[in-house]
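Chemist: Following is a predicted model, sequence given first.
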2 protein chains.
Amino acid sequence: MSDSDKILFTISKQALQRMPYYLNYLKTTCKGKMQNVSSRLIANTLHLNEVQVRKDLASVSRSGGKPKTGFAVDDLIRDIESFLGYNNVNRAVIVGAGQLGRALMAYTGFENYGLEIIAGFDSNENSIGTLPNGKKVFGMESLKRIRDELNVHIGIITVPAASAQSVCDELIKAGVRAIWNFAPTHLEVPENILVQNENMATSLAVLSNHLAHRMNK
Amino acid sequence: MSDSDKILFTISKQALQRMPYYLNYLKTTCKGKMQNVSSRLIANTLHLNEVQVRKDLASVSRSGGKPKTGFAVDDLIRDIESFLGYNNVNRAVIVGAGQLGRALMAYTGFENYGLEIIAGFDSNENSIGTLPNGKKVFGMESLKRIRDELNVHIGIITVPAASAQSVCDELIKAGVRAIWNFAPTHLEVPENILVQNENMATSLAVLSNHLAHRMNK
DNA sequence: TAGATTGTTAATCGATTAACAATC
DNA sequence: TAGATTGTTAATCGATTAACAATC
């Protein structure tokens, strides 16, 4: 996290990543059933520390909580969604129309989180075509044109690790501002570009290691 | 992390999660091209701290590194893979044959990480059928029988958040030892069961928040 | 030998948690 | 008022990093 971030936003990445959990709990369990919710209840349900929850919520809630009452559920939902930018729809393109890329393009669940995947790109001509839910796969030469036309800010990388860096470079040249990287590799980017790694190998490592060594527990 | 873990394994979850990055770098960049590699080179490439890399590698490498020489690439690959349990194939079942579940079943990339997805399960009869690469989707009533027959240890949850806990309970009752949870919700499990959360909403939160607030950077 | 590189012990840093005063 | 709950300041904890001695 750079210095300028720290000044503007006093929230850690960890805290930011807890927000979807709060949001899910509030929307599925609280909304409509109760007007207010206390940090203690949230903490107990999600198995977090009460103070941590209060700190997290304090950093995104406009109106704050009220002693003896807690936080207004509807306000909190609105504030978290606004903080996360789920109001603005974030348009994205996927580069790499292999199995994982196509799966993500076909997945409609992202819309709940304000993400709209517009199109896919692939350097292999055989991959070009149209997906079930109407998303097209283009050749790489169309990347910049389409990104510019539709003002896309997010690039999703689902190519093999070996070509991830060059794809990343192309996406940045085309103008995306943030990258969601599914390749299990480190990406080199300018300071003003955000890279979020979604490394399934990382999760699998935890699972697999547990099973290999800790079955006797 | 429980106490018993600490005694047996002096490696943090963070360190464990860096292993796939080391492995990928070693296999794609070092293997065949150089016999030895120094922690400094790895650290520079992956943008990590040199001491951190040495500590991480020390905790998994049998032979350790040699002053002035570094670590033997092939040995290191073998040691990390063995530590991560990528040698044993870990069998898994998926519960929830919606879009995400089917996508994961169709994805063959997991085999590189020692994971083999055997079958899918869904409570909705309409979802039952066969996938392109031969994986079948069964009704929930077959879960325990198939898990027992094939000695499956990993359960993957790709149902909506609202039903994730009950699916989790069923998986544990059926006998799985570790759960890979794609639902954006906290799961309640006995102490001896490992839950690894793969929450895409969490990653999206980081991206989306960045774009909503930090575009001016 | 000198220098590169490892592995370990101590210092730093940041996040979490505890203690507590403020407030409805 | 008394008690529940918030928000903040201080203490703790664990991971990262720096310093350095050991070794090839």
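Modeler: Yep, that arrived. Numbers count the residues shown, from 1 in each chain, chains lettered A, B, ... in the order given.

Chemist: make it CA atoms for all contacts and neighbour counts henceforth
Modeler: Fine.

Chemist: quick one: low-confidence parts of chain A?
Modeler: Along chain A, the parts satisfying pLDDT under 70 run over A:1-9, A:214-217.

Chemist: And the helices in chain A?
Modeler: Assigned by DSSP state H, chain A shows helices spanning A:3-8, A:13-25, A:39-46, A:50-58, A:73-84, A:99-106, A:143-150, A:161-174, A:200-213.

Chemist: so, in contact with chain B or not, the last one?
Modeler: Right, helix A:200-213. Yes - judged by C-alpha under 8 Å from any C-alpha of the partner chain, helix A:200-213 comes into contact with chain B at A:200-213.

Chemist: ChimeraX command to pick out the buried ones of these?
Modeler: Buried members of the residues of helix A:200-213 next to chain B, defined by 16 or more other C-alpha atoms under 10 Å in any protein chain shown, are picked up in ChimeraX with:
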select /A:201,202,203,204,205,206,207,208,209,210,211,212
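
Chemist: ok, the residues of helix A:200-213 next to chain B vs B:N126, which is closest?
Modeler: Closest approach to B:N126 among those (C-alpha to C-alpha): A:M200, at 28.8 Å.

Chemist: Nearest residue to A:P132 in space, please, no chain neighbours.
Modeler: Counting by C-alpha to C-alpha, 6 or more residues apart in numbering or on different chains, A:P132 lies nearest to A:A106, which is 7.1 Å off, once chain neighbours are set aside.

Chemist: Roughly how far does the one you found sit from A:R147?
Modeler: According to C-alpha to C-alpha, to the nearest Å, A:A106 and A:R147 sit 20 Å apart.

Chemist: Give me the more crowded residue out of these two.
Modeler: Shown here are A:A106 and A:R147; by other C-alpha atoms under 10 Å in any protein chain shown, A:R147 has more neighbours (22 against 18).

Chemist: Verify the contact between that one and A:A174 for me.
Modeler: Yes - using C-alpha atoms under 8 Å, A:R147 is in contact with A:A174, at 6.7 Å.

Chemist: Now the biggest strand by length in chain A - C-alpha only, CSV.
Modeler: When chain A is parsed with DSSP state E, its longest strand is strand A:115-122. What follows is strand A:115-122 as a C-alpha-only set of coordinates in CSV (Å, rounded to 0.1, in the frame of the first residue of the first chain):
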residue,chain,number,x,y,z
LEU,A,115,-18.9,-6.8,-12.3
GLU,A,116,-19.9,-7.1,-15.9
ILE,A,117,-17.8,-9.2,-18.2
ILE,A,118,-18.2,-7.7,-21.7
ALA,A,119,-16.1,-9.9,-24.0
GLY,A,120,-13.3,-12.4,-24.2
PHE,A,121,-10.0,-12.3,-26.2
ASP,A,122,-7.7,-15.0,-27.4
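
Chemist: just checking, what packs against it?
Modeler: Judged by 3 or more C-alpha pairs under 8 Å, 6 or more residues apart in numbering or on different chains; DSSP states H and E, strand A:115-122 is in contact with strand A:90-95, helix A:99-106, strand A:136-139.

Chemist: and the angle from it to helix A:99-106?
Modeler: 140 degrees (axes from the mean of the first three to the mean of the last three C-alpha atoms, to 10 degrees).

Chemist: what does strand A:115-122 contact?
Modeler: Residues external to strand A:115-122 that are found in contact with it (C-alpha atoms under 8 Å, 6 or more residues apart in numbering or on different chains): A:86, A:89-97, A:101, A:105, A:110, A:128, A:135-140, A:143, B:204.

Chemist: neighbours around A:F182, how many?
Modeler: For A:F182, the neighbour count with other C-alpha under 10 Å is 21.

Chemist: mind listing what it touches?
Modeler: For A:F182, the contact set (C-alpha under 8 Å, 6+ apart) comprises A:156-159, A:197-200.

Chemist: domain assignment for chain A?
Modeler: Taking automatic domain parsing as the reference, chain A has its domains at A:3-84, A:90-203.

Chemist: So is the shortest one next to DNA strand D?
Modeler: Yes - in terms of C-alpha under 7 Å from any atom of the strand, part of domain A:3-84 sits within range of DNA strand D, namely A:37-40, A:51, A:54-55, A:57-58, A:64-71.

Chemist: okay, the angle between the longest strand of chain A and helix A:143-150?
Modeler: Using the same axes, to 10 degrees: strand A:115-122 against helix A:143-150 is 160 degrees.

Chemist: Strand A:115-122 pairs with which strands, and in what direction?
Modeler: strand A:90-95 (parallel), strand A:136-139 (parallel) (DSSP bridges).

Chemist: Now tabulate those strands in CSV and tack on mean neighbour count and distance to A:R18.
Modeler: As requested, these are exported to CSV (neighbours: other C-alpha atoms under 10 Å in any protein chain shown; distance: least, C-alpha to C-alpha, whole Å):
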stretch, mean neighbour count, distance to A:R18
strand A:90-95, 24, 20
strand A:136-139, 20, 33
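
Chemist: Please convert these to CSV, extending it with distance to DNA strand D.
Modeler: As requested, the strands paired with strand A:115-122 are exported to CSV (distance: least, C-alpha to the nearest atom of the strand, whole Å):
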stretch, distance to DNA strand D
strand A:90-95, 29
strand A:136-139, 38
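
Chemist: of all the ones you listed, which lies closest to DNA strand C?
Modeler: Among the strands paired with strand A:115-122, strand A:90-95 comes nearest to DNA strand C, with 25.6 Å by C-alpha to the nearest atom of the strand.

Chemist: A:E81 is in contact with A:V60, correct?
Modeler: No - using C-alpha under 8 Å, A:V60 is not in contact with A:E81; the gap is 9.6 Å.

Chemist: so what's the residue nearest to A:P132 up against?
Modeler: Contacts of A:A106 by C-alpha under 8 Å, 6+ apart are A:131-133, B:99.

Chemist: what's the answer for A:F71, then?
Modeler: A:36-39, A:64-65.

Chemist: Compare the residues you listed and tell me which is most surrounded.
Modeler: For the contacts of A:F71, the largest number of neighbours (other C-alpha under 10 Å) sits with A:S39, at 21 neighbours.
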